[in-house]
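K.L.:
Structure for this input, please:
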Amino acid sequence: MNDNRITFEEEQTELLRKQLFVSRMIAVLLGIIAVVLIIVGVVLVINISGLVTDLRQTLKTFNDSVVPALENLDIDSLNQAIENLGEALKPLSGLFGR
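P.N.:
Below you'll find the model as predicted:
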């Protein structure tokens, strides 16, 4: 009976060693995953920062070129041109039954 007790204690010790080994491996893997996630996060922040800079430049270019062109647009002339086009197309619409 004494032999069985030693065997049980040895088996228990061996299982505890295996559990410690697995726990250490899990800790190492979690550490690696944490480092990878931090690196990916830094890369994403850098890329987003570059995108924001590009977006600012694009909006500045838009404001400098398109907005003045829209401000100089003669709406009255545009409306007159649309009316003239409508008048010119009325005879053609009769050909298509409209």
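
K.L.:
so after the longest helix seen in the chain, what's the next helix or strand?
P.N.:
Longest helix of the chain, by residue count under DSSP state H: helix 2-71. Next helix or strand after helix 2-71 toward the C-terminus (DSSP states H and E): helix 75-95.

K.L.:
for that following helix, packing partners?
P.N.:
Judged by 3 or more C-beta pairs under 8 Å, 6 or more residues apart in numbering; DSSP states H and E, helix 75-95 has no packing partners among the helices and strands. Yep, even glycine has a C-beta here, placed from its N, CA and C like the rest.

K.L.:
ok, and what's touching that helix?
P.N.:
Residues outside helix 75-95 that contact it (C-beta atoms under 8 Å, 6 or more residues apart in numbering): none.

K.L.:
for the record, mean pLDDT for that helix?
P.N.:
The pLDDT scores in helix 75-95 average 85.

K.L.:
where in this protein is pLDDT low?
P.N.:
For the chain, residues meeting the criterion pLDDT under 70 lie at 1-4, 97-98.
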